[in-house]
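Q: fold the following, please.
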Amino acid sequence: MEEVENSSKRKAAELDSEDNSTAAVPDGQQPLPCSATKRPNLARSCIHEVAVPNGYDLAKDEVVNGTLSNPVFNGEMAKTDKQKVIYTSPLKALSNQKYRELSQEFSDVGLMTGDVTLQPNATCLVMTTEILRAMLYRGSEVIKEVGWVIFDEIHYMKDRERGVVWEESIVFLPPAIKMVFLSATMSNATEFAEWICNLHKQPCHVVYTDFRPTPLQHYVFPIGGFGLYLVVDENGQFREDNFLKLQDTFAKQPSQLDGRKGGGPKANGRIAKGGNASGTSDIYIIVKMSGRAGHRGKDKRGICVIMIDEKMEMSVIKDMVLGKPAPLISTFRLSYYTILNLLSRAEGQFTAEHVIQNSFHQFQYEKALPEVVQKITSLENEASLLDSSGENDLAEYHKLVLDISELEKKIMSEMIRRERALLYLVPGRLDMGIEVLEQKLEVLEQKLGSHPLHMLKAAAEAVGEVNLENKFGSASESLRRGIMFANSLYL
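A: Residues are numbered from 1 along each chain as shown. Predicted coordinates:
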C-alpha cells in the first residue's frame, strides 16, 4: 500500500471556531463561519487540513479544494444537486433525536431504524449505521441516489463489538459518494483522513477545534466530606488551590467511610474523555460523558462532578479531566456475518481479501511497520554488543542440570521395581554393604574433585559470583548423592 502524502497541508488557524469536535470530509465541506460570541478572553482556533492520496494532482481541483497551504471547499452540496443525504448515528435513540431536530428545519426527512421506518423515500434519511451497512450488502437502489453520507460519532469505530460496522460501511461506499465524519473525541483525525483518501482516492479535509461554545467546569466532591471543589474552571485552567483544599478534607476526616456505598475498591467508573481511575479510588461520575454536559444555546455552562473517596495524586486527577482522548484504533475483524453477506448478498462486488486489505486496521498496521522494523533493528544491535563470554559455561551447566534430572528419573524407576527390591532383602547385606560402600565412596570422592561442576564452582568462587557458585555447588552435591545412591543399589 502506498504511503499517503501528508505534508504542508495545515491552514493557518482561524478565529471564532464553532465546536469542540473534528470533522473529516473527503472533498469535504468548508466549516461554517464562526460567530464571535461569549468568552472573548479564550483563544478560539480552528485548524483546517487536507490529506491527498499519493500522486494526486490537487491543481486540477484547486477551485474546489483549494491548495495544500490554503485548503477550502467550494463544491456543490447535495441539496442543490438534488441528491439524497444519509445521516447515520450509533444509537436508535440518537437517530430518533436527530430525526426530530432535522424535521423542525426541513420538511423532507425520513427515519430508518430497526424498529421504525418513516418516509423512506425522503431526501434526507436518518438511520443507524447497521441499517446503512445492510443497504450496502443487498445493493439497495437508494444508494445510487445518495450524494452524501454523514457519520456521526465516528469514534464508535473503535468499539470492540460494533466498530466493524462503521469500517465496512466506509469500505463498501462507492467512491462517488462524499462523506462527512463527526467526532468530539478523536486525537488522530489526520491519520483517519489519510486512510479515507487512500481508500477512495480523493482529498479528505480535516477541520479541528478545541473550542467549546458552552464552557465546561469540573467539580470534585469528596465522599464523607463537605462542599464541591472546582478543579477545572470554564477557561480550562486547573485550580491547584482548590485541589489542595480538597486534599485537606481527607486529612481532617477521622477515618475512611464505613460501609462504602455503590461498590467496592474494584468499582472504577468511566471518566471524562474515556479515561479510567487509577489506584484503588472509587470514581463515580454524575454526568456520564462530560463532553455532553451543557447544551449550546440552552445552557450557559456544562458541569461535571466527580466523586472520590480517598486522596488522589494531582497528576492523576489532571490526566482524568485534562488528558487528551485516546486515538482511534481499529477493531476490525472478519466475522461470519461479513463473509456470508459477501458471498450471498454483495453481488460479487467485494471479496474478503478486498475488505481486509482496505480496512483501517490494515492501514494502521502497514503504517506502523517502518517504526517496528526500526525498533527490531535497534534491539538486534544492542543484543550484538552484549558480553557473551560466559555463555559456554552456562550452556554446559544447563546440560549438566538436564543430565542430573534424567539420572534421578532412572534411579527412581529402579527403586520402584519389585524384583529389584527383593534382592536387597538378604541377611548380612547391610554389614557387607557398608564396608564396600566406604571403599567406593573414597574412590568417587577423588573423581568428583575433578568433575567439571566442581571446577565451575571453584571458578565462580574465584571471580566472586556468589549466586553462580551456590548453583554449581548445589548441582555438584546433587550429582554426588545420585551417584552414591546408584552405586549402593548394586552392592
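Q: alpha carbons only for contacts and neighbour counts from here, please
A: Will do.
Q: wait, His205 sits on His48?
A: Yes. The pair formed by His205 and His48 meets the contact definition of Cα atoms under 8 Å, at 7.1 Å.
Q: neighbour count for those two, which is higher?
A: Neighbour count, other Cα atoms under 10 Å: between His205 and His48, His205 has more, with 31 against 25.
Q: what pairs with the more buried one across the strands?
A: Using DSSP bridges, the beta-bridge partners of His205 come out as Val25, Val50.
Q: measure His218 to Glu313 for me?
A: 16 Å (Cα to Cα, to the nearest Å).
Q: can you give me the helices for the stretch 201-350 of the chain?
A: Using DSSP state H, counting those that start in this stretch, the helices found in the stretch 201-350 of the chain span residues 240-252, 314-322, 336-344.
Q: so which of the ones you listed comes closest to Asp403?
A: Nearest to Asp403, of all the helices of the stretch 201-350 of the chain, is helix 336-344, at 50.8 Å by Cα to Cα.
Q: and the following helix or strand past that closest one, what's its mean pLDDT?
A: Going down the chain from helix 336-344, the next helix or strand is helix 352-357, by DSSP states H and E. Averaging pLDDT along helix 352-357 gives 90.
Q: if you count neighbours, what's buried in helix 352-357?
A: For helix 352-357, the buried set under the neighbour-count rule, 16 or more other Cα atoms under 10 Å, comprises 355-356.
Q: okay, that helix in CSV with CA atoms only?
A: What follows is the C-alpha trace of helix 352-357 in CSV, where atoms were taken according to Å, rounded to 0.1, in the frame of the first residue of the first chain:
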residue,chain,number,x,y,z
ALA,A,352,-12.9,-10.9,1.9
GLU,A,353,-9.4,-10.1,0.8
HIS,A,354,-10.6,-6.7,-0.5
VAL,A,355,-12.2,-5.9,2.8
ILE,A,356,-9.2,-6.8,4.8
GLN,A,357,-6.7,-5.0,2.5
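Q: and the helix or strand where Glu167 lies, what does it pack onto?
A: Per DSSP H and E, Glu167 falls inside helix 163-172. In this structure, helix 163-172 packs against helix 129-137, with contacts taken as 3 or more Cα pairs under 8 Å, 6 or more residues apart in numbering; DSSP states H and E.
Q: outside of the helix it packs on itself, list whatever touches it.
A: Residues from elsewhere that reach helix 129-137, judged by Cα atoms under 8 Å, 6 or more residues apart in numbering: 88-90, 112-114, 143, 151, 165-166, 168-169, 172-173, 341-342, 345-346.
Q: buried among those? Need that as a selection in ChimeraX.
A: With 16+ other Cα under 10 Å as the burial test, the buried ones among the contacts of helix 129-137 are selected in ChimeraX as follows:
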select :88,89,90,112,113,143,151,165,166,168,169,172,173,342,345,346
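Q: may I ask which helix or strand of this structure has the lowest mean pLDDT?
A: Comparing helices and strands within the chain by mean pLDDT, DSSP states H and E singles out strand 284-285 as the least confident, with a mean of 40.
Q: if we can go back for a sec, between the helices of the stretch 201-350 of the chain, which one is closest to Lys375.
A: Taking Cα to Cα, helix 314-322 is the member of the helices of the stretch 201-350 of the chain nearest to Lys375, at 28.3 Å.
Q: buried set for the closest one?
A: 317, 320-322.
Q: of all the residues you listed, which comes closest to Cys197?
A: Within the set of those, Leu322 lies nearest Cys197; the separation is 31.2 Å, counting by Cα to Cα.
Q: any idea how far that closest one is from Ile154?
A: For Leu322, the distance to Ile154 equals 22 Å [Cα to Cα].
Q: related to what we said a few turns ago, quick check: which of the helices of the stretch 201-350 of the chain is nearest to Ile223?
A: Closest of the helices of the stretch 201-350 of the chain to Ile223 is helix 240-252, at 9.1 Å (criterion: Cα to Cα).
Q: can you point out the buried residues in the closest one?
A: Of all the residues in helix 240-252, those buried under the rule 16+ other Cα under 10 Å are 242-243, 246-247, 249-250.
Q: show me what that helix packs onto, helices and strands only.
A: By contact count (3+ Cα pairs under 8 Å, 6+ apart), the secondary structure elements abutting helix 240-252 are strand 216-222, strand 229-232.
Q: mind putting these into a markdown table with distance to Thr190 and mean neighbour count?
A: As requested, the helices and strands packed on helix 240-252 are arranged in a markdown table below (distance: least, Cα to Cα, whole Å; neighbours: other Cα atoms under 10 Å):
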| stretch | distance to Thr190 | mean neighbour count |
| --- | --- | --- |
| strand 216-222 | 26 | 21 |
| strand 229-232 | 28 | 22 |
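Q: ok, which of those strands comes nearest Leu118?
A: Nearest of the helices and strands packed on helix 240-252 to Leu118, taken as Cα to Cα: strand 216-222 at 36.5 Å.
Q: list the contacts of the closest one.
A: Outside strand 216-222, the residues touching it (Cα under 8 Å, 6+ apart) are 227-234, 236, 246, 249-250, 290, 293-294, 301-310, 321.
Q: where are the low-confidence patches of the protein?
A: 1-44, 60-81, 251-297, 345-348, 421-422, 424-456, 463, 480, 483-491 (pLDDT under 70).
Q: which residues in it form strands?
A: Listed from the start of the chain, the chain has strands (DSSP state E) covering 22-26, 46-51, 84-89, 109-112, 117-118, 124-128, 146-151, 178-183, 204-209, 216-222, 229-232, 284-285, 302-308.
Q: okay if I get those strands as TSV plus distance to Ala475?
A: Putting the strands of the chain into TSV (distance: least, Cα to Cα, whole Å) gives the following:
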stretch	distance to Ala475
strand 22-26	65
strand 46-51	65
strand 84-89	68
strand 109-112	75
strand 117-118	79
strand 124-128	69
strand 146-151	68
strand 178-183	64
strand 204-209	67
strand 216-222	59
strand 229-232	62
strand 284-285	57
strand 302-308	55
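Q: so which of those strands is nearest Gly482?
A: strand 302-308 (61.9 Å).
Q: for that closest one, which strands pair with it and how are they oriented?
A: Listed by DSSP bridges, the sheet partners of strand 302-308 and their directions read strand 216-222 (parallel), strand 284-285 (antiparallel).
Q: wait, what's in contact with the nearest residue to Gly473 once chain neighbours are set aside?
A: In space, Gly473 comes closest to Lys457 once its chain neighbours are excluded; the distance is 5.8 Å by Cα to Cα, 6 or more residues apart in numbering. Under the criterion of Cα under 8 Å, 6+ apart, the neighbours of Lys457 are 468-470, 472-473.
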